[in-house]
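Undergrad: need the 3D shape of this:
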Amino acid sequence: MRENTLKAIWARGDAVINGWLAIPSAFSAEVMAHQGFDSLTVDMQHGVVDYQAAVTMLQAISTTPTIPLARVPWNDPGFSMKVLDAGVFGLICPMINTRADAEALVRACKYPPLGYRSFGPVRASIYAGPDYGDRANADVLVIPMIETKQAVENIDDILSVPGIDAVYVGPADLSLSLGCAPGLDKTDPPVVDAIRKILAACKRHRIIAGLHNNTVAYAQKMINDGFQFVTIASDSRFLAAKASEEVAALRKSGVRTGRLPAY
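TA: Numbering: from 1, shown residues only. Have a look, this model is predicted:
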């Protein structure tokens, strides 16, 4: 089976730099895969990516050593199994609030006897190798999202579930759950305290802690604090930010843009 290099990065104590894909395009996924990210996550929850688009994006990522991950829309066993069959090496699942939620997620991601995942890795066996079925339980990552007050209160119960490899903090929903405005790179005391509690629990249970960030500066701070899985913005944010920057710079120069040629 193709190596899941994220595990090797974590084993030596380093942090994984993850990219986020919200644009339903194989070409944009391919471009992102060539930028040096350790992993890329196809967002099938809040982005506009459907299953067929996700498959083509995974095919594009597979032209590089970048590890493919996906965030599924919900803790739906059927959908999770189908995405795993498409060849992702890790599944990020939103709104895992209790031990029962975490157990259900793990069971859907693991073949018997550890779970009840149905066998049919149609693309996964092509991408990962013919021995995929023998090694998937050990190598495919199960990553619940911790993004509510309830989940923080239940963090030790969630992290004690066998088969959990990492958790991923969703700052926006966590903020809403704590009565704060949604957003990234949070400094609100209730959110900061909750993130610290999650990180401390991950250290106790020897589980990797992950977090979605908006800026490099905030991501670096989180790495320094002990997070080993950090996402920087997303493809759509990168596109919008750079386009806005360039247009603003040109308008400031006094030059008016005209219609551009097709190429």
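Undergrad: just the strands from the stretch 1-150 of the chain, written as ranges.
TA: Counting by DSSP state E, counting those that start in this stretch, one finds strands in the stretch 1-150 of the chain at the ranges 16-21, 39-43, 67-71, 90-93, 141-146.
Undergrad: contact partners of the fourth one?
TA: With contacts defined as Cβ atoms under 8 Å, 6 or more residues apart in numbering, strand 90-93 is touched by 4, 6, 39, 41, 67, 69-72, 74-75, 80, 83-84, 105, 109, 140-145, 165, 168. All C-beta atoms are positioned from the backbone trio N, CA, C, and that covers glycine.
Undergrad: if we can go back for a sec, what's the closest of the strands of the stretch 1-150 of the chain to Leu239?
TA: strand 16-21 (11.5 Å; Cβ to Cβ).
Undergrad: so which elements touch that closest one?
TA: Under the contact criterion of 3 or more Cβ pairs under 8 Å, 6 or more residues apart in numbering; DSSP states H and E, strand 16-21 touches helix 5-11, helix 26-33, strand 39-43, strand 208-213, strand 229-232, helix 235-252.
Undergrad: in its sheet, what does that strand sit against?
TA: strand 39-43 (parallel), strand 229-232 (parallel) (DSSP bridges).
Undergrad: middle-most residue in the protein, spatially?
TA: Thr41 (4.7 Å; Cα atoms, centre = their mean).
Undergrad: check whether Asp14 really touches Gln228, as I assumed.
TA: Yes. Between Asp14 and Gln228 there is a contact at 7.1 Å, judged by Cβ atoms under 8 Å.
Undergrad: so where is the chain shaky, pLDDT-wise?
TA: For the chain, residues meeting the criterion pLDDT under 70 lie at 253-263.
Undergrad: the helices in the stretch 51-200 of the chain, which residues?
TA: Per DSSP state H, counting those that start in this stretch, the stretch 51-200 of the chain carries helices over the ranges 51-61, 77-85, 99-109, 124-128, 132-139, 149-153, 155-159, 171-177, 189-205.
Undergrad: check contacts around Asp165.
TA: By Cβ under 8 Å, 6+ apart, the residues touching Asp165 are 90, 141-143, 207-208.
Undergrad: sorry, that was for Ile23
TA: When the contact criterion is Cβ under 8 Å, 6+ apart, the partners of Ile23 are 29, 47-49, 235-236, 239.
Undergrad: next: Asn4.
TA: 67, 89-90, 139-141.
Undergrad: tell me the two of the contacts of Asp165 that are most distant?
TA: Between all members of the contacts of Asp165, the farthest pair (by Cβ to Cβ) comes out as Gly90 and Ile207, at 13.6 Å.
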